[in-house]
Each structure stands twice: as C-alpha cells, then as structure tokens.
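*Asks:* Fold the following, please.
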Amino acid sequence: MMEGLQVCADDYGLAPGVDRAIRGLVADRRLEATSVMTLFDDLEAEVAALAAIPGPCRIGLHFTLTDHPPLGPMKKTSSGGRLPPLRRLMTLAYARRLDREEIAAELERQFDRLVNALGRKPDFIDGHQHVQALPIVRDAVLDLARRRGVTLRMIRLPPGAAGAILPARVKSRLLDRMGKPLADAAGDRALNRGFLGVRSFHETEPYRALFRRWLAVATQGSLIMCHPGEPDATLMARDPVTSARADEFAYLSGPDYPADRAAWAAMHVA
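*Replies:* Predicted structure coming up:
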C-alpha cells in the first residue's frame, strides 16, 4: 500500500499518440504510474521507449478483456476472435458463465508479454474498464498477483467520499460496490486505498474542474486514474474516447496541475 497520492495514466500501448503523451508526462515527473495494454503489435518498441525514461514511475499491466482480439485462443469468451463489449462481459461474469481457466490463461499471456517487453515483472495489475474486479476475473487476478508478487489496483472510493458530488457519481458508486470483494480479499496485495478519476467523457466542465473535485476528496493512499493522449488515426480506430484525452493531456502537462497537486500536498502531508 502506497502513501501519498498516486496519479496513474491508463491505456499505454493503445495508440502512438497516447503513448507519446504518457511518456512526456512520465519524463516530466507528473505521474506516479501508468498501466500498459499488451494486445497490439507495436508493444515491444513502445514499452522499451517507456522503460528508458529514468524516474520512479511504476509500470503496471492493464489487463484487457473487452473489445479487442485477445493474445491467445478464448473460444468461450471471444466470439469470432474478438473480446466482448463490457456489458456482455459483466453479464457473463455475474451469471458465473465465464471460464476461469480461459480467463487465467489470457491473464498469464498478457502478463508474460509485458514481462518480456519490460525485462522485469510489472509493479501492479489493474484492468481496462475495471475488469479486475469482476467475479471469476478477480479470482484469477488475485491468484496471479500472489504467485508473481505484484500489487492490484483497487476501485473503492476513498473513506468518506461516497456522499460527495463527484463526476459520474452513479458510476463511481457502482464501481465502489463492485470493488468491495476484491478489496476484502486483496490484503497486502492492494496498491491503493481509494480510487478516483471516474468520468463519463462527455462532461461540459473543464478537466481541471473535474480533477479538483477528485482532489477535494482524495486521502492518503488514494489513486486518481487519467487517460491523457494525443488523438491520432490509430486511436480513432481502436477506441471511442479521443478529444477528452487531449483535454486531459493539456491539463496534466500544463502549469495548473502541479499547482493543484501542491495545494493538495500542503493539506495532507505533515
């Protein structure tokens, strides 16, 4: 469990513009962590470029079970060679219709590909669209984390934040409930104590305003996820979230972000 506040950029490996933006933030020491998708052909070169940046940024696996082709055969989960959309995956998970062995095998493949690209095991595991907290999936993730000695990202709200008026408040509270079994079972495998950064990607208020609302309820050990990027053709072909990534990158790379972080630290660090 880490103290202080962590900001983690998700989706490294998704597209060159996303990777380039995240590397810039890592080089400027503006992130505590980033998590890597391992399903695409250019992974090794992109991870090598990330690993070459000196500094303390943690690198994790962004375990992916939705919307993209898996690394290996998943006949029961991946119809036609493509992983299901999130709603379908959640339906299967809560109906206990996912195949545990198939999920565990794909997790091992994604984990090992990152190990090979990085030259070491990743520092933590989280999930694209928070799949690490789903029934059956969480059992496989917990097992691998214990065997391989890595931590897991929790998705529960910080203490006292459940009543706050957060961006995407309903979604945040749903994830908080969904994440309780994982948090209860994780023990010393937990990376963080509170989770923020959930949004709809259709908000009208500036991203800085969203981020400051998360900072207002963040406590020691909290983690705020983010999705910075520079939209490009590859991103547009792979993911529906595009312009919002540019807005996040503009804030995270600009002067207001370190000032906001410093204000939070002045209130929470003795």
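
*Asks:* List the buried residues in stretch 241-260.
*Replies:* 241-242, 244-245, 247-252, 257 (16 or more other C-beta atoms under 10 Å). Every residue, glycine included, has its C-beta placed from N, CA and C.

*Asks:* Please produce CSV containing these, extended by distance to Ala218.
*Replies:* As requested, these are arranged in CSV below (distance: C-beta to C-beta, whole Å):
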residue, distance to Ala218
Val241, 23
Thr242, 27
Ala244, 21
Arg245, 22
Asp247, 20
Glu248, 17
Phe249, 21
Ala250, 21
Tyr251, 16
Leu252, 15
Tyr257, 14
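
*Asks:* how about those, which pair is most distant?
*Replies:* Thr242 and Tyr257 (20.8 Å; C-beta to C-beta).

*Asks:* how about the CA coordinates for the helix or strand that His62 is a member of, as CSV?
*Replies:* Secondary structure assignment for His62, by DSSP states H and E: strand 58-63. The C-alpha trace of strand 58-63 is given here as CSV (Å, rounded to 0.1, in the frame of the first residue of the first chain):
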residue,chain,number,x,y,z
ARG,A,58,5.5,2.5,-11.7
ILE,A,59,4.5,0.4,-14.7
GLY,A,60,1.6,-2.0,-14.5
LEU,A,61,-0.4,-4.4,-16.6
HIS,A,62,-3.7,-3.0,-17.9
PHE,A,63,-5.5,-6.4,-18.2
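
*Asks:* residues making contact with it?
*Replies:* 8, 10-13, 32-38, 50-51, 107, 110-111, 114, 118, 122-128, 131-132, 141, 150, 153, 191 (C-beta atoms under 8 Å, 6 or more residues apart in numbering).

*Asks:* if we go to 6 Å?
*Replies:* 10, 33, 35-37, 107, 110-111, 114, 122-128, 132 (C-beta atoms under 6 Å, 6 or more residues apart in numbering).

*Asks:* just checking, Val241 touches Arg199?
*Replies:* No. Checked against C-beta atoms under 6 Å, the pair Val241 and Arg199 is beyond contact range at 9.8 Å.

*Asks:* coming back round to it: ok, of the buried residues of stretch 241-260, which one's closest to Gly17?
*Replies:* Gly17 lies nearest to Arg245 out of those, by C-beta to C-beta, at 8.0 Å.

*Asks:* can you give me the strands for the chain?
*Replies:* 6-12, 33-36, 58-63, 124-127, 151-152, 194-196, 222-226 (DSSP state E).
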